[in-house]
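> Quick one: sequence plus predicted model below, questions after.
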Amino acid sequence: MINFDEQTIIRNYAYIYDRRSEIEAIADKLCLDGFDLLFFTSSGGSMAMMQPFEHYVNVYSKIPVDSMISADYLLTGCNRLTNKSVAFMTSKSGDTKETIECARKLRAEGVRIVSVCGVENSLLASLSDYTFAYLDGRPQELVFYFIIGKILYNRGYFAEYPDFADNLKNLGKALAKVRIACDEKCLKYAQDYCREPYNIWIGSGDCWPNAYSYSMCVLEESLWVRTKSVTSADFFHGTLELVEKDVPVTLVMGEGVTRSQDERVRRFVENLTDKFTCFDTRDYELEGIKDEYRKYLSPVVMAAILQRIGKNMEVITNHSLEIRRYYRKSEY
């Protein structure tokens with residue numbers, strides 16, 4: 001396997017997991033002080049990383065929840081926010097322009113801010129009431145499994161959370177094994193589709209952010225592969241007409257409540273194109289994780305799978321994932 005170090009993956013996972021109590025303490029303080037809304041806002045892939053947790057709050061609780069891209073919030077505001085609300089924000093760099101402007105506006109309106117950043121002592125952290133720096137820790141979603149999971153537990157919606165969080169101790173190793181198990185399929189996918197002129201990516205529910213962010217932030221931004229992403233529900237209201245025998249269609253399938261939408265897409269597409277691929281989290285073992293908790297983990301399992309496409313594709317195309325023409329290269 002190229003660009004793969006199992007021990008580094010496990011070590012980076014442990015960096016976050018070992019700070020579980022520190023992260024859970026943030027959730028406890030938020031619940032102690034009370035809140036009337038959980039609001040998720042950031043930019044690009046950072047926003048997509050948080051969206052599964054908005055989904056979980058909505059599906060598994062009655063806690064009011066909302067989300068908005070930071071650039072939109074700056075122009076429209078959110079009429080559900082009050083000075084009793086809590087905003088969750090993420091930024092790998094800690095200085096993403098629209099995210100920082102949004103944080104300043106939220107702070108001025110009295111909204112408490114919880115930030116998760118890739119660096120310490122960032123500008124976003126300085127604007128936040130609570131912050132956590134994951135540094136080389138991965139996946140960043142683990143921070144939100146602890147914060148949101150503990151909030152749901154404290155509010156009486158997730159009684160299994162302590163056991164779920166204990167199970168997560170095994171997830172780093174399990175995700176490394178997923179990468180090994182999927183690599184052959186991902187290598188072939190990268191070889192087959194790295195130079196296609198047009199690709200359709202589809203997903204739903206807590207895995208829709210995977211389809212959206214991977215197609216935008218990796219295939220488009222990093223590898224310059226032209227891609228259209230669409231939800232499994234919306235696929236049948238337009239994009240289905242573009243499926244032809246030689247059009248690559250990629251479906252990401254999780255194990256949550258919207259899986260039936262993905263199954264509908266698969267039944268429709270698989271006989272219409274010779275270039276259909278389904279990545280299904282159900283195909284991969286998660287050693288040390290109870291089956292009843294798999295439905296919460298589809299996004300991080302899928303992210304582990306999709307990472308192997310990019311790692312292989314950058315070598316095949318001789319196009320580093322770090323190359324940019326415009327992003328953070330010029331004013332826009």
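Looks like it came in fine. Residues are numbered from 1 along each chain as shown.
> and the chain, what are its domains?
Here the domain parsing of the chain from automatic domain parsing is 6-159, 171-317.
> so which of those domains gets nearest Lys329?
Closest of the domains of the chain to Lys329 is domain 171-317, at 11.8 Å (criterion: CB to CB). Every C-beta, even on glycine, is put in place using the N, C-alpha and C of the backbone.
> Report the rounded mean pLDDT for the closest one.
Mean pLDDT, computed over domain 171-317, is 98.
> do stretch 9-18 as well
Taken as a whole, stretch 9-18 has an average pLDDT of 98.
> Could I get the CA-only coordinates of that stretch as CSV?
Output of stretch 9-18 as CSV, limited to C-alpha atoms (Å, rounded to 0.1, in the frame of the first residue of the first chain):
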residue,chain,number,x,y,z
ILE,A,9,-3.0,6.2,12.0
ILE,A,10,-3.5,4.4,15.4
ARG,A,11,-1.2,6.9,17.2
ASN,A,12,-3.0,9.9,15.7
TYR,A,13,-6.4,8.4,16.7
ALA,A,14,-5.1,7.9,20.3
TYR,A,15,-4.1,11.6,20.5
ILE,A,16,-7.8,12.6,20.4
TYR,A,17,-9.2,9.6,22.3
ASP,A,18,-6.9,10.0,25.2
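> Tell me the gap between the one helix or strand Ile16 maps to and the middle of its chain.
Secondary structure assigned from DSSP states H and E places Ile16 in helix 6-17. For helix 6-17, the separation from the chain centroid amounts to 18 Å (computed by CA atoms, centre = their mean, to the nearest Å).
> now the helix or strand just after that helix: how far from the chain's centre is it?
Downstream of helix 6-17, the next assigned helix or strand under DSSP H and E is helix 20-33. The chain centroid and the centroid of helix 20-33 are separated by 22 Å under CA atoms, centre = their mean.
> Buried ones in helix 20-33, by neighbour count?
Applying a neighbour-count criterion of 16 or more other CB atoms under 10 Å, the buried positions in helix 20-33 are 20, 23-24, 26-27, 30.
> right, and the pair among those residues with maximum separation?
Within the buried residues of helix 20-33, Arg20 and Leu30 form the most distant pair, 16.1 Å apart (CB to CB).
> Okay, strands next: where are they in the stretch 201-332 of the chain?
With DSSP state E, counting those that start in this stretch as the criterion, the stretch 201-332 of the chain has strands at 227-231, 249-253, 276-280.
> sorry, that was for the stretch 51-200 of the chain
Here the stretch 51-200 of the chain has its strands, by DSSP E, counting those that start in this stretch, at 65-67, 86-91, 112-117, 130-133, 199-203.
> related to what we said a few turns ago, and the helix holding Ile16 with helix 20-33, angle?
Put simply, helix 6-17 runs at 30 degrees to helix 20-33, going by axes from the mean of the first three to the mean of the last three CA atoms, to 10 degrees.
> who's in contact with helix 6-17?
Contacting residues not belonging to helix 6-17 are listed as 23, 134-140, 142-143, 168-169, 171-173, 175-176, 179-180 [CB atoms under 8 Å, 6 or more residues apart in numbering].
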